[in-house]
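Enquirer: Kindly return the folded structure for what I paste below:
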Amino acid sequence: APAVSASLSRLLQDARALLGRDQHAAGLILERATRLLEPAPKPPAPAIVAPGGLAGWQVARLTRHVEAGLGGPILQKELAAVARLSTGHFARSFKQSFGITAHAYVMQQRMARAKRLMLETEAPLCQIALLCGMADQPHFSRVFRRLEGSTPMAWRRLQRAARG
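Expert: Numbers count the residues shown, from 1 in each chain. Presented below is the predicted three-dimensional model:
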């Protein structure tokens, strides 16, 4: 909690300083501060086996498989084979267990990897897009904006400004 409080204080100071000069940047910083106050997201993998959902071993195998394959295409029939289910049964069971479709889960994982790479490396966005299995940078930017509410470049700048 002290780290969150310090980050929140820093973000609010930065937003106040930018308010007169760059309202857009100040707004982005305030959005970041708001996200700090939101409760932590639920873990993607269920801790308890949901009725009609996947077994624990299937969840574990699928999450490992997705993480290992984020740099390339991940097809639903491939995931169904990993879980040893037909594609139709897999799709229903996956959604029951994870609360989202397999495609949405894969995209969330791709964006999570992209965020880590944007924060931890100086790699250009076109390279990050390819490392995360996206077709190209424009595709990456469209998906990122839809899921995160800002472009990857704006998100990266905001995160770096927040870190000081």
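Enquirer: which is the next helix or strand following the longest helix along the chain?
Expert: Ranked by number of residues, the top helix in the chain under DSSP state H is helix 102-120. Per DSSP states H and E, the first helix or strand lying C-terminal to helix 102-120 is helix 125-131.
Enquirer: Residues in contact with that next one: which ones?
Expert: 71, 113-114, 117-118, 121, 123, 135-137, 139-141, 152-153, 156 (CB atoms under 8 Å, 6 or more residues apart in numbering). Every residue, glycine included, has its C-beta placed from N, CA and C.
Enquirer: Report the buried members of those.
Expert: Among those, those scoring as buried are 113-114, 117-118, 137, 140-141, 152, 156 (criterion: 16 or more other CB atoms under 10 Å).
Enquirer: which one of these sits closest to Leu11?
Expert: For those, the closest approach to Leu11 (CB to CB) belongs to Arg156, at 15.8 Å.
Enquirer: ok, now which ones touch the closest one?
Expert: Taking CB under 8 Å, 6+ apart, we find Arg156 in contact with 118-119, 125.
Enquirer: one more time with 7 Å
Expert: When contacts are counted by CB atoms under 7 Å, 6 or more residues apart in numbering, Arg156 touches Met118.
Enquirer: Name the helix or strand for it, please.
Expert: Per DSSP H and E, Arg156 falls inside helix 152-163.
Enquirer: the inter-axis angle of that helix versus helix 102-120?
Expert: On the basis of axes from the mean of the first three to the mean of the last three CA atoms, to 10 degrees, helix 152-163 is oriented at 50 degrees to helix 102-120.
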